[in-house]
Every structure is written in structure tokens, then in C-alpha cells.
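Visitor: coordinates for the following, if possible.
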Amino acid sequence: MTEKQPSSKLYVSGLPWKTTPEAISQYFSPAGLVVEVDIIRDRHSMRSKGFGFVTMGSIADATQAKEMFDGKPFGTRYLKIEYATPKEERPEGEFSRPAAPAPAAFTDASEPTIVVEDGADSEDFTSF
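Guide: Model prediction:
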């Protein structure tokens, strides 16, 4: 595995689920200026996913933070720190994965066909 190019933005995993941006900022501040902390949350429950991004004031500050805190305990978990890489560009409004093709049964304009296996009673749906 190749080492990622240094950047001032760090990907931080192993965050305790109940941590706050303020607590992370305070923890990382001995390494240098903390510009931004972004905790990634589940869009439905709003619970932390246990990872996020810390943007430091410079690449030197980010390198110092990585050296100081990678593998170290933070709350009840251990941090894993990597240099963040830019998100791949994708067309606006599109999902990251291409849509799966529709099954042929839904693209055929003919009437649907119900198939009953041999020996199965078409009225008895409780036995398989």
C-alpha cells in the first residue's frame, strides 16, 4: 500500500460515537492550529459513524498531528489517522454507483406470468 500525499486535511477513524467537534479540536490543538472538525453522521439517526475529518492550519501541523495521535487512545477507542484524499468528482445529483439495469420482467410490456411449481397448491402459500 502506498502512502498518501500529505495534506492539511486528515481522515480520522476510531472516534468515540459520543465525541464532539470541540473535544476533537481540543485534543488535536497541541499539534497546531485546528481549522475545522467534521464528524460524519448517519443521515437518518444523526449518530456519529465513528470517523471524520480534521483540517489543520498547514501540512506541517497535519503531519505533526498524524505523528502524535495515530494509534493513540481517544476516549474509549484508538485513533487511526490518514491524510485525506479529495473526493472523486461525480455529476451533480447523481449517486456514486451507476443504477442497476431493471429486471426484464419490469421492462416487458406484456402481462405478468405467475408460475406455480409442480406439486405446489396455488392456494396454499404457507408451505415452501
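Visitor: give me the nearest residue to Ser25, chain neighbours excluded.
Guide: Val34 (4.5 Å; CB to CB, 6 or more residues apart in numbering). (C-beta placed from N, C-alpha, C; glycine too.)
Visitor: actually Ala60, not the one I wrote
Guide: Closest residue to Ala60 apart from its sequence neighbours, by CB to CB, 6+ apart: Gly32 at 7.1 Å.
Visitor: I'd guessed the one you found sits against Ala65; true?
Guide: Yes: counting by CB atoms under 8 Å, Gly32 does reach Ala65; the two are 6.8 Å apart.
Visitor: of the two, which one has the most company?
Guide: Legend: neighbour count by other CB atoms under 10 Å for Gly32 and Ala65, higher for Ala65 (24 against 18).
Visitor: in the lengthiest helix in the chain, what's buried?
Guide: If you go by DSSP state H, the chain has its longest helix at helix 59-69. Buried positions in helix 59-69, judged by neighbour count with 16 or more other CB atoms under 10 Å: Asp61, Ala62, Thr63, Gln64, Ala65, Lys66, Phe69.
Visitor: returning to that earlier point: quick check: neighbours shared by Gly32 and Ala65?
Guide: Taking CB atoms under 8 Å, 6 or more residues apart in numbering as the contact rule, the neighbours common to Gly32 and Ala65 are Met56.
Visitor: show the pLDDT at the nearest residue to Ala62 once chain neighbours are set aside.
Guide: Leaving out its chain neighbours, the residue that sits closest to Ala62 by CB to CB, 6+ apart is Met56, at 4.1 Å. The model reports Met56 with a pLDDT of 97.
Visitor: so Met56 makes contact with Ser8?
Guide: Yes: in this structure, Met56 is within contact of Ser8 by CB under 8 Å, at 5.0 Å.
Visitor: who touches both of these two?
Guide: Shared contacts of Met56 and Ser8 (CB under 8 Å, 6+ apart): Val35, Ala62.
Visitor: still on that earlier bit, who's in contact with the residue nearest to Ala60?
Guide: Taking CB under 8 Å, 6+ apart, we find Gly32 in contact with Met56, Gly57, Ser58, Ala60, Asp61, Ala62, Gln64, Ala65.
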